[in-house]
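Prediction below, plus the sequence it came from.
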Amino acid sequence: MANLQGFDARNFPAFGFRPLPDGKYVAVIIGSEFKTTRDGSGVYLELKFQVAEGEHKGRIVWARLNLQNRSPEAVRIAQSQLSTICHAVDVLTPQSSEDLHYRPLVIRVVCKKRTETGEMVNEICGYSKLVQTPQDYGPVPDTPWNS
């Protein structure tokens with residue numbers, strides 16, 4: 001147990017999570033895993049993107065690709081998205097999702113309102129190749145806003 005004696009939260013602003021503004025960001029995939037859909041009928045690939053430069057460096061955005069789903073259209077869309085990501089990072093035949101990690105690309109992010117909660121959330125709606133000479137976009141240290 002850590003001793004917090006003397007700390008008074010009233011003396012500090014509470015940190016709130018705000019979505020990224022709409023725009024294009026240089027990012028890298030820092031994590032990926034297969035997860036089962038809520039209803040258990042499919043599997044999606046969750047990709048964890050981290051903004052790699054600029055004012056929002058270190059912020060996290062997720063993409064979920066429905067690679068196994070009852071809906072053939074959902075699978076087709078997910079496969080097209082994965083293909084676009086692969087082309088953007090120059091890995092056309094990945095053996096594992098980790099082959100896509102730490103390779104810079106540009107993501108286009110929009111802010112949308114969740115119908116069920118009214119909460120504003122980010123959605124990645126586009127991927128493209130980074131046209132400038134890439135820097136080293138290795139892991140960014142954990143901070144309160146990217147965990």
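All right, it came through fine. Predicted, not measured: the structure shown is a model, and the values here were computed from it.

Scan the protein for its longest strand.
Longest strand in the chain, counting residues (DSSP state E): strand 23-36.

What residues of that strand count as buried?
Of all the residues in strand 23-36, those buried under the rule 16 or more other Cβ atoms under 10 Å are Tyr25, Val26, Ala27, Val28, Ile29, Ile30, Ser32. The C-beta positions use only the backbone N, C-alpha and C, and glycine is treated the same way.

From the rest of the structure, what touches that strand?
42-54, 56, 60-61, 64, 67, 85, 89, 97-98, 100-109, 126, 130, 137, 139-140 (Cβ atoms under 8 Å, 6 or more residues apart in numbering).

Just those residues: which are in strands?
43-51, 60-61, 64, 67, 105-109, 126.

on that earlier part again, among the buried residues of strand 23-36, which one lies nearest to Asn122?
Tyr25 (10.1 Å; Cβ to Cβ).

Let me know the distance separating the residue lying closest to Val43 once chain neighbours are set aside from Lys48.
Among residues not flanking Val43 along the chain, Gln68 sits closest, at 4.1 Å (Cβ to Cβ, 6 or more residues apart in numbering). Distance, Gln68 to Lys48, by Cβ to Cβ, to the nearest Å: 19 Å.

what do you get for Phe7?
31 Å.

Likewise for Gln132?
Taken as Cβ to Cβ, the span from Gln132 to Lys48 is 23 Å.

ok, those two, which is more surrounded?
Taking other Cβ atoms under 10 Å, Gln132 and Lys48 do not tie; Lys48 has more neighbours (17 against 8).

Tell me where the protein is predicted with low confidence.
Applying pLDDT under 70 to the chain flags the ranges 13-16, 133-147.

could you redo the last one with a cut-off of 80?
Where the chain drops to pLDDT under 80, the residues are 1, 12-17, 132-147.
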